[in-house]
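A.B. asks: Please find the sequence and the predicted model below.
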Amino acid sequence: MGPLALPAWLQPRYRKNAYLFIYYLIQFCGHSWIFTNMTVRFFSFGKDSMVDTFYAIGFVMRLCQSISLLELLHIYVGIEYNHLLPRFLQLTERIIILFVVITSQEEVQGKYVVCVLFIFWNLLDMVRYTYSMLSVIGISYAVLTWLSQTLWMPIYPLCVLAEAFAIYQSLPYFESFGTYSTELPFDLSIYFPYVLKIYLMMLFIGW
């Protein structure tokens, strides 16, 4: 009598695909909610809605971006097939802009560039997570495949410009409030606006 076969739901491949599907679904729902919320608010309140975008959807955006750090683990352990370094750089870029630049400065949160940046991020993520979610269960649409492979080409440069502009607009507040600037031993100090200016140059060099 041969060995009993494991039920499909206990097989490693099934469990991996089920986990990835749930993960992509959560991200898709989060980013879809953000994009829908921003769209409805814009048509309801016009330009006024752009000023308090961060207050309306900032928590969900921070949550989605925090959860996306799991993708580095996915790639490292081999359950998601992607290049680790490019994904690490992309996630680091977003974490710096969202948590360090925008979240830490309340004055920046009300800038129009925050709304524009969130729109670009969510357009890319909704397409990417929809494509990945359906791919896990073997569903493919030509239009969706084409979008996932080409949409980033015009959008990503616009994201970089929006991120750079957000940093530029944040500099006066970092200079005034001294956020993250600190004194070190031996008459040394870290002046955070200089750090941001260096990062700004690296952002364009990396582009």
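C.D. replies: Sure, I can see it.

A.B. asks: I'd assumed residue 63 was in contact with residue 98.
C.D. replies: No - with contact taken as CB atoms under 8 Å, residue 98 and residue 63 are classed as non-touching, separated by 10.9 Å. (C-beta placed from N, C-alpha, C; glycine too.)

A.B. asks: quick one, which of those two is more surrounded?
C.D. replies: Just comparing residue 98 and residue 63: by other CB atoms under 10 Å the higher neighbour count belongs to residue 98, 24 against 13.

A.B. asks: Once you drop chain neighbours, what's closest to the more buried one?
C.D. replies: For residue 98, ignoring the flanking residues on the chain, the nearest one in space by CB to CB, 6 or more residues apart in numbering is residue 65 at 5.6 Å.

A.B. asks: Can you list the residue ranges for helices in the chain?
C.D. replies: 12-45, 48-51, 53-67, 70-77, 84-95, 106-109, 112-136, 142-150, 152-177, 192-206 (DSSP state H).

A.B. asks: For residue 183, find the nearest of those.
C.D. replies: Nearest of the helices of the chain to residue 183, taken as CB to CB: helix 192-206 at 12.2 Å.

A.B. asks: and residue 85, how many neighbours does it have?
C.D. replies: By other CB under 10 Å, 8 other residues sit near residue 85.

A.B. asks: List the buried residues of stretch 145-153.
C.D. replies: By 16 or more other CB atoms under 10 Å, the buried positions in stretch 145-153 come out as 147-148.

A.B. asks: Which residues does it contact?
C.D. replies: The contact list for stretch 145-153, computed with CB atoms under 8 Å, 6 or more residues apart in numbering, reads 123-124, 127-128, 131.

A.B. asks: Considering those, which is situated nearest to residue 140?
C.D. replies: Distances from residue 140 to the contacts of stretch 145-153, taken by CB to CB, are shortest for residue 131, at 8.6 Å.

A.B. asks: Now do the nearest residue to the closest one once chain neighbours are set aside against residue 161, distance only.
C.D. replies: With CB to CB, 6+ apart as the criterion, residue 131 has its nearest non-adjacent residue at 4.0 Å, and that residue is residue 148. Here the criterion is CB to CB, to the nearest Å. By it, residue 148 lies 22 Å from residue 161.

A.B. asks: With residue 152 instead?
C.D. replies: Look at residue 152 and residue 161: by CB to CB, they are 14 Å apart.

A.B. asks: I'd say residue 191 and residue 181 touch.
C.D. replies: Yes - between residue 191 and residue 181 there is a contact under CB under 8 Å: 5.2 Å.

A.B. asks: For the protein, give me the ranges with low pLDDT.
C.D. replies: For the chain, the stretches with pLDDT under 70 are 1-12, 186-187, 206-207.

A.B. asks: before we move on, back to that, tell me the most buried of the helices of the chain?
C.D. replies: Scoring those by mean neighbour count under mean count of other CB atoms under 10 Å gives helix 112-136 as the most buried, with a mean of 20.

A.B. asks: out of everything not next to it in sequence, what's closest to residue 17?
C.D. replies: residue 136 (5.1 Å).
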